[in-house]
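Asks: prediction below, plus the sequence it came from.
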Amino acid sequence: MPVTRGFLGRRRGHEGRLPPGQYDTGAGWPVLTAEATPVVDTASWSLSVDGLVERPTTWSWDEIHQLPASTYVGDIHCVTAWSKFDVTFKGVSVDELLDAAGPLPDAAYVMVHSSTGYTTNLPLSDLVDGKAWVVWEYDGKPLSRQHGGPARLLVPHLYFWKSAKWVSRLELMAHDRPGFWERNGYHDRGDPWLEQRYQGD
Amino acid sequence: MSESIDDVRALETTWTTGRIIEKDHPTPTTVRLRMHVEDRRRHRPGQHYLIRLRAPDDYTAQRSYSIASDEDDPLVEFLIERLPDGEVSEFLADVAEVGDVLEMRGPIGRWFTWDTTTPALCLVGGTGVVPAVAMARAARRLGRSSLLRVVAVGRSPEELAYAEELARAGATLAWTRTDTGERPAGPPTVDELTPLLTGTELAFVCGSARFAAFAEGLLLDCGVQPGAIRVERFGPSG
């Protein structure tokens, strides 16, 4: 591919921390959504884990807060090329939810559903062993509606479209099937370090 | 609705190149590039391209930009806002010249697109007018302008790109900082929007995060169902 005449680029001293093609968005946190931002009130909020599990389980807002809390501090990466460093989210590890529901041996993939109808798919292996959370606090404050509040999924090692806003359901499946953006031309897995942005990458 | 959020077909794209054929600055903060794209593919109004810049040491920076042009235009047109400290937008606005070749990939995105047959309203602000321009151009080519209503919001006529073209196409223009005599300065209201929504089945919102939040709220206040609203927002949140 051709070098762009006159372009030198701006390096900001983040070698080893910025995946290829990403830039540091700094203090800002861009909002990208395909749909109208829903109003999800915590009184009617619930999260279910179902599909290929021994015990399909649903938590209310109060019930999920009874689970052991867990915090993520680190970086997040969006397919639209911004990365954000040193963010803090608080919620519950997906491991806790899966421990309660008991995945069956043939469960290998998860379809994540939002209350808006948004979906995104992941291998189960990308959601276990401390790699994923359902979070409701950002930077010590309740997660705002526009960023997926009251609760969103957080899968920081993958591009952020996998971290579904307004998460309502994790459906365990034996076979993979594409979610919303994955059908819309995005890569099936979305590893920022491999630059798996779009189909064909 | 003609499609659900779960009903969007996949389309694989690869990197190609585009040459800048025309460049101008329609407003003080924007640059318009008209490009010849190698191995160009058909696009739907509302889709975008990635533009990628490459330094001599292979460092790259890429951003996504909405297409302003129609299918039948031999060039692919973009309007890019020059963001303060914007690594890519400042380069495109200030350094890039006619004749330069850039890496490109697209068209991408099949959700925020108009199928040219569903009656729809665009409520767009600032450089968020771009997909509405592509939709209006497609509607005009197909003789279906009555299917598409555009409400474009800007601070003033001087600051909104494509304002004259949209006005000629019958769009409603709302100035938040300019009092026109016919219309006091301010954002569009429920009373202004409601008659334009009659018979529409879809609403497209495009603009900054702040504008999109306003526009979604206004559409909901007008009785539009959340599932009939498609949003493309950009820039930092407040």
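Replies: Good, I have the coordinates. A quick note: this is a predicted structure, and the numbers were derived from the prediction, not measured.

Asks: residue 165 is in what secondary structure piece?
Replies: All of this is about chain A. Secondary-structure element containing A:Lys165, defined by DSSP states H and E: none, the residue being outside all helices and strands.

Asks: try chain B instead
Replies: helix B:163-168.

Asks: what residues sit buried inside that helix?
Replies: Buried residues in helix B:163-168, counted by 16 or more other Cβ atoms under 10 Å in any protein chain shown: B:Ala163, B:Leu166. C-beta here means a position set from N, CA and C on the backbone, and glycine is covered the same way.

Asks: any idea which helix or strand comes after that helix?
Replies: Past helix B:163-168, the next helix or strand by DSSP H and E is strand B:172-175.

Asks: buried residues, the next helix or strand along the chain from that next one. List them.
Replies: With elements assigned by DSSP H and E, the helix or strand that comes after strand B:172-175 is helix B:190-197. Under the neighbour-count criterion of 16+ other Cβ under 10 Å, helix B:190-197 has B:Glu192, B:Leu193, B:Leu196, B:Leu197 buried.

Asks: most widely separated two among those residues?
Replies: Checking the buried residues of helix B:190-197 against each other with Cβ to Cβ, the farthest-apart pair comes out as B:Glu192 and B:Leu197, at 10.5 Å.

Asks: what helix or strand does the residue in chain B sticking out farthest from the centre sit in?
Replies: In chain B, counting by Cα atoms, centre = their mean, B:Asp57 sits farthest out from the average C-alpha position, at 32.9 Å. B:Asp57 is part of no helix or strand, with elements assigned from DSSP H and E.

Asks: gap between it and chain A?
Replies: Counting by Cβ to the nearest Cβ, to the nearest Å, the separation of B:Asp57 from chain A is 8 Å.

Asks: mind checking pLDDT for that residue?
Replies: On the pLDDT scale, B:Asp57 is placed at 89.

Asks: one more: the one 3 residues further on?
Replies: For B:Thr60, the pLDDT comes out at 90.

Asks: ok, B:Gly109 next?
Replies: What the model reports as pLDDT for B:Gly109 is 84.

Asks: please apply the same query to B:Glu3.
Replies: On pLDDT, B:Glu3 comes in at 51.

Asks: kindly report the same for B:Asp7.
Replies: At B:Asp7 the predicted local distance difference test score is 49.

Asks: please apply the same query to B:Arg32.
Replies: With respect to pLDDT, B:Arg32 has a value of 98.

Asks: can you check A:Ser46 too?
Replies: Predicted confidence (pLDDT) for A:Ser46: 97.

Asks: ok, residue 163 - contacts?
Replies: Picking chain A for this. A:Ser163 makes contact with A:Ile76, A:Gly148, A:Arg152, A:Leu153, A:Leu154, A:Val155, A:Pro156 under the criterion Cβ atoms under 8 Å, 6 or more residues apart in numbering or on different chains.

Asks: let's do chain B instead
Replies: Under the criterion of Cβ under 8 Å, 6+ apart, the neighbours of B:Ala163 are B:Ala152, B:Gly154, B:Pro157, B:Leu173.

Asks: go on, A:Asp106?
Replies: Each residue near A:Asp106 by Cβ under 8 Å, 6+ apart is listed here: A:Leu52, A:Ala174.

Asks: where's it, which helix or strand?
Replies: Secondary structure (DSSP H and E) places A:Asp106 outside all helices and strands.

Asks: so what does it look like in phi/psi?
Replies: The main-chain torsion angles of A:Asp106 are listed as degrees, to the nearest 10 and equal phi -90, psi 0.

Asks: ok, back up a step: most widely separated two among the contacts of A:Ser163?
Replies: Set against one another by Cβ to Cβ, those have their most distant pair in A:Gly148 and A:Pro156, with a gap of 13.7 Å.

Asks: which of those two has more neighbours?
Replies: Under the criterion of other Cβ atoms under 10 Å in any protein chain shown, the comparison of A:Gly148 against A:Pro156 puts A:Gly148 first, with 26 against 21.

Asks: tell me the domain ranges of chain B?
Replies: B:5-108, B:120-234 (automatic domain parsing).

Asks: centre of the chain to the shortest one, how far?
Replies: Here domain B:5-108 shows a centroid-to-chain-centroid distance of 12 Å under the convention Cα atoms, centre = their mean, to the nearest Å.

Asks: low-scoring stretches of chain A, by residue?
Replies: Along chain A, segments meeting pLDDT under 70 span A:11-13.

Asks: count of neighbours near A:Asp55?
Replies: Just so we're on the same page, residue A:55 is Arg rather than Asp. The burial count for A:Arg55: 9, using other Cβ under 10 Å.

Asks: and it, how far is that from chain B?
Replies: 27 Å.

Asks: OK, contacts around that residue?
Replies: Counting by Cβ under 8 Å, 6+ apart, A:Arg55 makes contact with A:Ala100, A:Ala101, A:Gly102.

Asks: likewise A:Pro56?
Replies: Taking Cβ under 8 Å, 6+ apart, we find A:Pro56 in contact with A:Ser48, A:Val49, A:Asp50, A:Ala101.

Asks: PyMOL command for the buried members of these?
Replies: Selecting the buried subset of the contacts of A:Pro56 in PyMOL, with 16+ other Cβ under 10 Å as the burial test, is done by:
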select buried, chain A and resi 48+49+101
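
Asks: how about TSV for the contacts of A:Pro56, with secondary structure added?
Replies: Putting the contacts of A:Pro56 into TSV (DSSP: H, G, I helix; E, B strand; the rest coil) gives the following:
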residue	secondary structure
A:Ser48	strand
A:Val49	strand
A:Asp50	strand
A:Ala101	helix
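
Asks: with distance to A:Thr120 as extra columns, can I get the contacts of A:Pro56 in a markdown table?
Replies: Below are those laid out as a markdown table (distance: Cβ to Cβ, whole Å):
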| residue | distance to A:Thr120 |
| --- | --- |
| A:Ser48 | 16 |
| A:Val49 | 15 |
| A:Asp50 | 17 |
| A:Ala101 | 19 |
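
Asks: rounded mean pLDDT for the biggest strand by length in chain B, please.
Replies: Once chain B is assigned using DSSP state E, the strand that runs over the most residues is strand B:15-24. Within the predicted structure, the mean pLDDT of strand B:15-24 is 97.

Asks: just stretch B:112-127 next, same as before
Replies: Per-region confidence: stretch B:112-127 scores 96 on mean pLDDT.
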